[in-house]
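Novice: quick one, what's the 3D model for this:
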Amino acid sequence: MSHANAALTPRARLRLAQLVVDHGWTYAAAAKMFMVSARTAKKWADRYRAEGAAGMLDRSSRPHSSPTRTGPRLVRRIVRLRRRHRLGPVQIGGRLGMAASTVHAVLVRCEINRLSRIDRVTGEPLRRYEHPHPGSLIHVDVTKFANIPDGGGWRYQGRQQGRRNQEATARRTGARGSAYRPVIGTAFVHTVIDDHSRTAYAEICTDEKAATAIGVLERAVAWFAERGVTVERSCPTTARPTSPTPGATPAPSRPSPTNGPAPTGPRPTERSKDSTAPWPTGGPTPGSTTQPGNATTPCPAGCTSTITTALTPPSAADHRSPG
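Specialist: Here you go, the predicted structure:
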């Protein structure tokens with residue numbers, strides 16, 4: 001791949017090769033113009049004659065064959081020792097009579113070079129679950145973030161300027177607390193993420209009440225439908241997956257080997273979970289429900305959620321199977 005200071009980019013290589021092949025320039029003259037050696041000019045001219053403009057692109061530096069590469073049978077033995085006995089490269093190399101660096105390269109290639117990536121019970125590589133197609137399951141979450149006053153907060157502007165910014169923001173919003181102190185408030189980020197594609201829909205609201213969350217979910221389902229995705233189930237962070245259709249009956253619980261069989265009748269002593277209960281009416285949210293007054297612009301397709309500081313992990317469908 002061409003770096004920032006490369007003398008020849010793919011476009012410059014094409015121009016150099018065309019000067020030599022199409023316009024009859026000598027290798028030395030073309031090389032002098034592009035400040036490269038005559039040997040380099042000849043290489044790109046020969047490749048242009050053989051492959052045309054497509055030959056000006058970068059090629060992989062990986063060799064076509066690697067006769068000394070570790071064989072598949074030995075790779076399986078390394079993976080077996082790693083999974084069953086949790087051995088490191090030095091211990092595996094001692095048992096198999098191999099260099100530790102070679103064993104480490106195999107473990108990296110199989111994506112099991114770190115024990116944190118291996119299940120402690122089965123020894124298999126950890127893989128997050130993933131539903132088979134977009135819309136099969138969506139995850140719903142709400143995260144709180146403190147608002148930043150207009151012009152920046154005190155950590156960036158200093159305490160004196162920060163207080164002035166808080167006062168200016170409070171005069172604009174009218175939010176005051178005890179002793180007439182300015183209240184900046186909290187932003188509630190409602191995020192809906194598709195389990196398969198990790199496509200995210202997010203809204204910034206002023207609260208996390210049930211009516212607000214239901215409105216966000218309805219708009220998210222409509223947003224996914226505009227892109228050809230039919231939402232089948234939703235999964236809040238504190239509940240089991242349910243159907244997003246109002247009035248639908250959730251799937252029954254599975255019996256647990258430790259807690260006994262699943263309950264078959266009503267349990268009047270247990271508090272109902274508002275996050276999993278279906279909306280009582282068969283239609284959309286009533287018009288009297290207070291809607292959030294701030295912007296509800298969804299994030300672009302393909303972006304990740306802002307509820308965590310780490311990057312969203314890539315799809316497990318792209319992972320290579322070890323061995």
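Novice: count the residues that sit near the closest residue in space to Ile118 that isn't next to it in sequence.
Specialist: Ranked by Cβ to Cβ, 6 or more residues apart in numbering and with sequence neighbours excluded, the top spatial neighbour of Ile118 is Ile112, at 5.7 Å. Bear in mind the C-beta positions are built from the backbone N, C-alpha and C, glycine included. Residues near Ile112, counting by other Cβ atoms under 10 Å, number 21.
Novice: let me see the contact set for Ile112.
Specialist: Applying Cβ atoms under 8 Å, 6 or more residues apart in numbering, we find Ile112 in contact with Val79, Arg82, Arg83, Ile118, Pro125, Pro322.
Novice: for the fourth one, name its beta-bridge partners.
Specialist: Here Ile118 shows beta-bridge partners Pro125, assigned using DSSP bridges.
Novice: my read: it touches Arg127, true?
Specialist: No. Judged on Cβ atoms under 8 Å, Ile118 makes no contact with Arg127 at a distance of 10.9 Å.
Novice: these two: which is more packed in?
Specialist: Shown here are Ile118 and Arg127; by other Cβ under 10 Å, Ile118 has more neighbours (19 against 13).
Novice: quick one: contacts of the lowest-mean-pLDDT helix or strand in the chain?
Specialist: Every helix and strand of the chain was ranked by mean pLDDT, DSSP states H and E. The lowest is helix 154-157, at a mean of 80. Residues outside helix 154-157 that contact it (Cβ under 8 Å, 6+ apart) are Gly151, Gln161, Gly162, Arg163, Asn165, Gln166.
Novice: care to break this structure down by domain?
Specialist: Split into domains by automatic domain parsing, the chain comes to 10-56, 72-117, 128-147+185-246+291-308.
Novice: mean pLDDT lowest where, among the ones you listed?
Specialist: Ranked on mean pLDDT, the bottom entry among the domains of the chain is domain 128-147+185-246+291-308, at a mean of 77.
Novice: what's the distance between Met33 and Ala100?
Specialist: Noted for Met33: a distance of 50 Å to Ala100, by Cβ to Cβ, to the nearest Å.
Novice: that should have said Met56, apologies.
Specialist: Met56 sits 41 Å away from Ala100, going by Cβ to Cβ.
Novice: neighbour count: the two, which is higher?
Specialist: Met56 (21 against 14).
Novice: so which residues of the stretch 1-150 of the chain form helices?
Specialist: Applying DSSP state H, counting those that start in this stretch to the stretch 1-150 of the chain gives helices spanning 10-21, 27-34, 38-51, 72-85, 89-96, 100-109.
Novice: those helices: which one's closest to Arg198?
Specialist: Each of those was scored for nearness to Arg198 using Cβ to Cβ, and the closest is helix 100-109 (24.9 Å).
Novice: got the angle between that closest one and helix 89-96?
Specialist: Orientation check (axes from the mean of the first three to the mean of the last three Cα atoms, to 10 degrees): helix 100-109 against helix 89-96 gives 110 degrees.
Novice: let me know the angle separating helix 100-109 from helix 72-85.
Specialist: 80 degrees.
Novice: the strands in the stretch 101-250 of the chain, which residues?
Specialist: When secondary structure is read from DSSP state E, counting those that start in this stretch, the stretch 101-250 of the chain shows strands at 138-146, 186-194, 200-205, 234-236.
Novice: and the shortest one, how far out from the chain's middle?
Specialist: Here the centre of mass of C-alpha atoms in strand 234-236, compared against the chain's by Cα atoms, centre = their mean, to the nearest Å, lies 18 Å away.
Novice: hmm, Met56 is touching Trp44, no?
Specialist: Yes. Met56 lies in contact with Trp44 (Cβ under 8 Å); the separation is 7.0 Å.
Novice: give me the contacts around stretch 59-78.
Specialist: Contacts for stretch 59-78 (Cβ under 8 Å, 6+ apart): Ile92, Leu96, Met98, Thr102, Val103, Ala105, Val106, Leu107, Cys110, Gly323.
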